[in-house]
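> I'll drop the sequence and a predicted model, then ask my questions.
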Amino acid sequence: MMSNILKKIKKANLVGRGGAAYPTYLKWQAVKKEKNFPKYVICNASEGELGLCKDIYILENFPEMVLKGMKIAMDFLGTKYAYFNFNAKYYELVRKRLDPMIKKHGDKGYVLRVFKEKPSYIGGEETALLNAIEGQRVEPRLKPPYPSEKGLFCQPTLIHNVETLFNIAKVEEGTYDVKRFMSVCGKVKNPGVFYFHENYTIEKVLHESKNYPDFDFFVQVGGSASGPVFNMEQIKEKIVTGAGSIEIYDKKMDVKKLLSKWFDFYANESCGKCTPCREGTFQLAKLVKDNKKVPWKEIMEILDTLDKTAFCALGGGVSVGVRSYLENVVCNS
């Protein structure tokens, strides 16, 4: 039979906030049905993508809710073991408030270990995170098996983003109000993290956060590296599900500067596991630097290869911003 908390989570239609938007109750069911013990719960506070800062905002303002969400998950799975994975920079910002809370849970028999991850984008990928905690090379694993089957130390593991655990605590309390945290950054007057209904359009978020530009602009939504780009006529759409962020760009922004921002990020963050991503991201960054004009033909050829052959979503995500920028901004001008 479905437990009461699982029914509540399903009714609330909770999905992961790390980017994949996978239904939370299905993830819980998958780990619950596994017979091996011990099981683990992991809070993933890596947040290594450009433009994202909602996780640290939640941890600074609502750490008790995140820990409560972890405890609810642990109790559901019948385990006492959990890891709190931190971007190491984040941990230093919140440790004074969080450590006593973790100790309090420890006094009640819960084993919550803090893992301080060297800040990285690939470190936020769930299987790369498992490798990091285990002391292995930080790179993604082949799936299946999924973490729900063979995760940390080959045991069933439930991995959640900070915001999802916050929401689980809200659902259990009966105070979940279908809102989400959204980072707004870029060329804006009032950057920060805002808490709005998840059905808000991009336009409404910008107006209510007092960040609607007075110049021609375009936006990148869901992460300032992997997120899709939309022009001014497209912002009446709902903000995409997944990682909550909006970055504003001046439409006059230099194209090479924008592409360098994306390609340099991916080249620096590639784990090097697969040749297409390791060499492709390096060559993309080099192409922009070495040419006075943007070599679109060569760029698109490399992106096509990455889309088809990259081992994980990091390599496959390189093209999302570029293709949508080219279609929605450059070709729409």
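Yep, it's here.

> how near is the residue nearest to G106 when sequence neighbours are not counted to M101?
The shortest distance from G106 to any non-neighbouring residue, by CB to CB, 6 or more residues apart in numbering, is to L112 (6.4 Å). The C-beta positions use only the backbone N, C-alpha and C, and glycine is treated the same way. When distance is defined by CB to CB, to the nearest Å, L112 is 9 Å away from M101.

> the more surrounded of these two?
L112 (22 against 16; other CB atoms under 10 Å).

> quick check: beta-bridge partners of that one?
Per DSSP bridges, the residues bridged to L112 are A82.

> and the one 5 residues further on, by the same measure?
With DSSP bridges applied, the residues forming beta bridges to E117 are N87.

> buried set for stretch 153-169?
The neighbour-count check on stretch 153-169 (16 or more other CB atoms under 10 Å) flags 155-169 as buried.

> please read the previous query as pertaining to stretch 285-296.
Buried, per 16+ other CB under 10 Å, within stretch 285-296: A285, L287, V288, V294.

> ditto for stretch 246-261
Neighbour counts using 16+ other CB under 10 Å place I246, E247, I248, Y249, L258, L259, S260, K261 of stretch 246-261 among the buried residues.

> out of the residues you listed, which sit inside helices?
The helices, defined by DSSP state H, take in L258, L259, S260, K261 from the buried residues of stretch 246-261.

> kindly provide the distance from the last one to N199.
The gap separating K261 from N199 is 30 Å, by CB to CB.

> pretty sure the residue nearest to G106 is touching N85, no?
No. Using CB atoms under 8 Å, L112 is not in contact with N85; the gap is 11.3 Å.

> just to revisit the earlier point, so what sits against both of L112 and M101?
L67 (CB atoms under 8 Å, 6 or more residues apart in numbering).

> return the distance of stretch 40-52 from the chain's centre.
Remark: stretch 40-52 is offset 6 Å from the chain centroid, using CA atoms, centre = their mean, to the nearest Å.

> nope, stretch 48-56 is what I was after
The chain centroid and the centroid of stretch 48-56 are separated by 8 Å, computed with CA atoms, centre = their mean.

> and it, how far apart are its ends?
11 Å (CA to CA, to the nearest Å).

> show me what the helix or strand where A169 lies is packed against.
Per DSSP states H and E: A169 is located in helix 162-173. Helix 162-173 sits against helix 4-12, strand 40-45, helix 54-61, helix 63-77, with contacts defined as 3 or more CB pairs under 8 Å, 6 or more residues apart in numbering; DSSP states H and E.

> direction included, what does the next helix-or-strand element following it pair up with?
Using DSSP H and E, the helix or strand that follows helix 162-173 in sequence is strand 179-186. Note on strand 179-186: by DSSP bridges, its sheet partners are strand 192-197 (antiparallel), strand 245-250 (parallel).

> what comes up buried for strand 179-186?
R180, F181, M182, S183, V184, C185, G186.
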